[in-house]
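Asker: Pasted the sequence and its predicted model underneath.
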Amino acid sequence: MKILVAVKRVIDYNVKIRVKTDHSDVDLTNVKMAMNPFCEIAVEEAVRLKEQGVATEVVAVSIGPKAAQEQLRTALALGADRAIHIETDERVESLAVAKLLKKVIDEEQPQLTILGKQAIDTDNNQTGQMLAALTGLPQGTFASKLEVQDDKLQVTREIDGGLQRLELSLPAIITTDLRLNEPRYAKLPDIMKAKKKPLDTKSPADLGVEVASKVSLLKVETPAERKGGIKVGSVDELVDKLKNEAKVL
Amino acid sequence: MSLLVLADHHDGHLDDATASVVAAAQQIAEHAGGDIDLLVAGENIGSVAEAAAKLDGVTRVRVADNAVYGHQLAEPLADLLVSLADDYAYVLTSASTQGKNVLPRLAALKDVSQLSEVMAVDSADTFKRPIYAGNAIATVQSSDDLKVMTIRTTAFDGVGQGNDAAIEPVDTVVDNSLSRFVDEELAKSERPELGGAKVVVSGGRGMGNGENFKLLEGIADKLGAAIGASRAAVDAGFVPNDYQVGQTGKIVAPELYIAVGISGAIQHLAGMKDSKVIVAINKDEDAPIFQVADYGLVGDLFEILPELEQKL
């Protein structure tokens, strides 16, 4: 089976963000960027399915500026066979991403499409579900385990309070949660090899998708700073403060 | 135009989250007008519908009780919502795993955007929501005719329960050949679930090893707390990944958060800084965790924890 895996270029999760002084957005100038952590898990799962002989080809796709090709090269170094870059400098909202990915699915006809459950920049947690809706396919969101059985897929989902197992018909859309796997690091020889793997570039217009959104970003602010409190000298003082001052005990 | 709230429920009980979503709906209705309807979808959900009818501010409770909605799978629920959505200008639910699973599917089927984790209502079309794990707050304006949104329930105090709203059946039955429920394993722990706990006790790399997390258990038992961990503790293999509090783990906002042996990396702070009261216990007095803690105690956690357990 062919697997399509979507990856997003986002701010590295260890970087402390800064809001622009005009409050128009978060400032990403000269900030370390990386593959979204949940997308790394998606790539890892696709590559493992290939290593197990379940998948025959892994295609990585990313939507974003030219620099997003770095993340596609990372996916290729991790084991994806080829990549598709849909290049745009626009801010592309989840619905438009889902429309673009639907076009890719129409062309590529993957049996399984794996996405991260959310990107750590906009924290939307929508794209996989929207893609499933647009393609009319079943969705297995927040997956912590996948088992392919002939033309069915058994997916274990992380839900509030526990786990849920579903059986989905294939093709299907999966979004990854943290426990699905532990992504590997790319090895230097694989990084070198990845430079030679095929990477196609398209534009949203090539795919006939209008990326404009009906949601506009009016303002981005830093949340109220949390003030540091006091240091207490002993466990007794701590318990006293929690009981009588904070009143949380 | 009216507002539709999709109720959260499990095992025949209405979840508290729904009262908070109705509160958010009331705030929107102050700007936009319209009645608030609740949709309860599932199988054998009479008791949920009755509980829902008590929520203040609700005009009517619409009940879709059918086997196809059992286990509330996304595919049939989204189709059901599509069949009802034309009567409404807003569809809201909580940002639970259930809400996050179903609502984006509805939004895409209606060709509209979805606003996730809305935490404040500025006007009929303008809302605030956290981005970058709450390290920035975005104000967004939606010009979609149908506004679909999930609500961060910790940001809205739930409505009261003095109502007696009308209960009406919804006869719509959809097909679902895409997905099938197999089974469910819900945590049987005596402890509350990390995401919804009133008190959370978390350990970091300073705990030294997984065995030492037992020191937190005694305290958690006394406080009725959930146990969490920093990513560093998870990466070190002390505890499983589902303990993780932080940007890539769970976002929590309990009444009391006790961070033990946690230095306070950005990615951890992102997951807990909205807690009402934060206590930090760390041997390094310069650890960044103290900058967000209401009460800091510098010292050896292996001495402090047994004493704290004893004195609680």
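Answerer: Thanks, I have it. Residues are numbered from 1 along each chain as shown, chains lettered A, B, ... in the order given.
Asker: so where do the strands sit in the stretch 51-200 of chain B?
Answerer: Counting by DSSP state E, counting those that start in this stretch, one finds strands in the stretch 51-200 of chain B at the ranges B:60-65, B:88-94, B:114-118, B:120-121, B:126-131, B:136-142, B:147-151, B:166-169, B:179-186, B:199-203.
Asker: ugh, wrong one, chain A
Answerer: In chain A, strands defined by DSSP state E lie at A:2-7, A:9-11, A:33-35, A:57-64, A:82-87, A:112-116, A:139-149, A:152-159, A:162-169, A:172-176, A:199-202, A:215-221, A:230-232, listed in chain order.
Asker: and the ones you listed as a markdown table, adding distance to B:Gln114?
Answerer: Just so you know, the C-beta spots here come from the backbone N, C-alpha and C atoms, and that holds for glycine as well. Rendered in a markdown table, the data for these read as follows (distance: least, Cβ to Cβ, whole Å):
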| stretch | distance to B:Gln114 |
| --- | --- |
| strand A:2-7 | 18 |
| strand A:9-11 | 19 |
| strand A:33-35 | 24 |
| strand A:57-64 | 18 |
| strand A:82-87 | 21 |
| strand A:112-116 | 15 |
| strand A:139-149 | 14 |
| strand A:152-159 | 19 |
| strand A:162-169 | 22 |
| strand A:172-176 | 14 |
| strand A:199-202 | 26 |
| strand A:215-221 | 9 |
| strand A:230-232 | 42 |
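Asker: Tell me the pLDDT of the nearest residue to A:Leu101 once chain neighbours are set aside.
Answerer: What sits nearest to A:Leu101 in space, not counting adjacent residues and going by Cβ to Cβ, 6 or more residues apart in numbering or on different chains, is A:Leu131, at 5.1 Å. At A:Leu131, the pLDDT value in this model is 98.
Asker: and A:Leu131, what does it touch?
Answerer: With contacts taken as Cβ atoms under 8 Å, 6 or more residues apart in numbering or on different chains, A:Leu131 has the following neighbours: A:98, A:101-102, A:105, A:113, A:115, A:137, A:173, B:108.
Asker: repeat that with 7 Å
Answerer: Taking Cβ atoms under 7 Å, 6 or more residues apart in numbering or on different chains as the criterion, A:Leu131 is in contact with A:98, A:101-102, A:113, A:173.
Asker: One more: B:Val292?
Answerer: By Cβ under 7 Å, 6+ apart, the contact set of B:Val292 is A:226, A:228, B:264, B:269, B:273, B:278.
Asker: Surely A:Thr56 and A:Ile3 touch.
Answerer: No. A:Thr56 is not in contact with A:Ile3 according to Cβ atoms under 7 Å; the separation is 8.7 Å.
Asker: Compare these two (neighbour count), which wins?
Answerer: Using other Cβ atoms under 10 Å in any protein chain shown as the criterion, A:Thr56 and A:Ile3 rank with A:Ile3 on top: 27 against 12.
Asker: mind checking how far the residue nearest the centre of chain B is from B:Glu75?
Answerer: Among the residues of chain B, the smallest C-alpha distance to the mean C-alpha position (Cα atoms, centre = their mean) belongs to B:Ser96, namely 4.6 Å. Distance from B:Ser96 to B:Glu75, counting by Cβ to Cβ, to the nearest Å: 18 Å.
Asker: next one: B:Asp56
Answerer: Spatial separation of B:Asp56 from B:Glu75 under the definition Cβ to Cβ is 33 Å.
Asker: Which one's more surrounded, those two?
Answerer: Taking neighbours as other Cβ under 10 Å, B:Asp56 and B:Glu75 compare with B:Glu75 leading, 24 against 16.
Asker: which residues does the closest residue to B:Leu115 other than its chain neighbours contact?
Answerer: In space, not counting the residues next to it along the chain, B:Leu115 is nearest to B:Met149; the distance is 4.1 Å by Cβ to Cβ, 6+ apart. The neighbourhood of B:Met149, defined by Cβ under 7 Å, 6+ apart, consists of B:92, B:114-115, B:118.
Asker: Could you save those residues as JSON lines and add columns showing neighbour count and pLDDT?
Answerer: Formatted as JSON lines, these follow (neighbours: other Cβ atoms under 10 Å in any protein chain shown; pLDDT from 0 to 100):
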{"residue": "B:Leu92", "neighbour count": "25", "pLDDT": "98"}
{"residue": "B:Gln114", "neighbour count": "28", "pLDDT": "98"}
{"residue": "B:Leu115", "neighbour count": "24", "pLDDT": "98"}
{"residue": "B:Val118", "neighbour count": "24", "pLDDT": "97"}
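Asker: Of those, just say which sits nearest to chain A.
Answerer: B:Gln114 (5.4 Å; Cβ to the nearest Cβ).
Asker: bridging residues for that closest one?
Answerer: Legend: beta-bridge partners of B:Gln114 under DSSP bridges are B:Val148.
Asker: my guess is it contacts A:Gln129, does it?
Answerer: No. Applying Cβ under 7 Å, one finds B:Gln114 not in contact with A:Gln129, separated by 8.7 Å.
Asker: Phi, psi for B:Val5 please.
Answerer: When read as degrees, to the nearest 10, the backbone of B:Val5 gives phi -110, psi 120.
Asker: ok now do it, which residues does it touch?
Answerer: B:Val5 makes contact with B:18, B:21-22, B:25, B:36, B:38, B:92-93, according to Cβ under 7 Å, 6+ apart.
Asker: From those, which land in helices?
Answerer: Secondary structure of these is defined by DSSP state H; positions in helices are B:18, B:21-22, B:25.
Asker: rewinding a little: farthest pair in the contacts of B:Val5?
Answerer: Using Cβ to Cβ, the contacts of B:Val5 span at most 12.7 Å, a distance reached by B:Ile36 and B:Thr93.
Asker: How far does stretch B:105-114 stretch from one end to the other?
Answerer: Start and end residues of stretch B:105-114 are separated by 9 Å (Cα to Cα, to the nearest Å).
Asker: Okay, now the unreliable bits of chain A?
Answerer: Within chain A, not a single segment meets pLDDT under 70.
Asker: mind redoing it with 90?
Answerer: A:13-14, A:150-151, A:160-162, A:178-179, A:223-228, A:249 (pLDDT under 90).
Asker: can you pull the contacts of the residue at minimal distance from the centre of it?
Answerer: Closest residue to the average C-alpha location of chain A: A:Gly116 at 3.2 Å, with Cα atoms, centre = their mean. By Cβ under 7 Å, 6+ apart, A:Gly116 lies in contact with A:36, A:38-39, A:41-42, A:175-176.
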